[in-house]
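J.: predicted coordinates and the sequence they were generated for:
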Amino acid sequence: MPIYEYECRACGRQFQRLVLNRAEASDPACPGCGGTRVRKLISMTAYHVSERDRIDAYDPKTAARDERFFRDSRNIGLHARKRAREMGVDLGERFETKLEKLRTDPGSILRDGE
């Protein structure tokens, strides 16, 4: 059951439509102006990358140049994990617990005095 995105060529409004069967797949009318001149848009997609693949792809030289890297809480501890893996060191459960706490609520480390 795909959700299609459209843009009305008359008023410019963007809207979505859930298509339950092929008979409903024809171009819909705009919910704003009722116009039938619509075009289908290409939707954004997302995919899952495993933690192992994230560590493999991590390069500290290029990551530091991209400010989006620092906005993603999943990147907290990525450098430490990569270095530990390269050195064959197990960081242990305590590290993983602290890391998860940092990722979900970074301020808690300061509040709790850890």
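T.: Yep, that arrived.
J.: would you map the strands across this structure?
T.: Applying DSSP state E to the chain gives strands spanning 3-8, 14-18, 38-41.
J.: which stretch among those strands comes nearest Leu78?
T.: Taking CB to CB, strand 3-8 is the member of those nearest to Leu78, at 32.8 Å. All C-beta atoms are positioned from the backbone trio N, CA, C, and that covers glycine.
J.: strands paired with the closest one, and their directions?
T.: Partners of strand 3-8 in the sheet, by DSSP bridges, are strand 14-18 (antiparallel), strand 38-41 (antiparallel).
J.: what residues sit buried inside it?
T.: In terms of neighbour count (16 or more other CB atoms under 10 Å), strand 3-8 has its buried residues at 4, 6, 8.
J.: ok, now stretch 83-92?
T.: For stretch 83-92, the neighbour count (16+ other CB under 10 Å) marks Ala84 as buried.
J.: can you show me the CA trace of that stretch as CSV?
T.: In CSV, the C-alpha atoms belonging to stretch 83-92 read as follows (Å, rounded to 0.1, in the frame of the first residue of the first chain):
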residue,chain,number,x,y,z
ARG,A,83,39.6,2.6,17.6
ALA,A,84,38.8,-0.1,20.1
ARG,A,85,37.9,-2.5,17.3
GLU,A,86,41.1,-1.7,15.4
MET,A,87,43.1,-2.4,18.6
GLY,A,88,41.1,-5.5,19.5
VAL,A,89,39.8,-4.1,22.8
ASP,A,90,36.4,-4.8,24.3
LEU,A,91,35.1,-1.6,25.9
GLY,A,92,32.7,-3.6,28.1
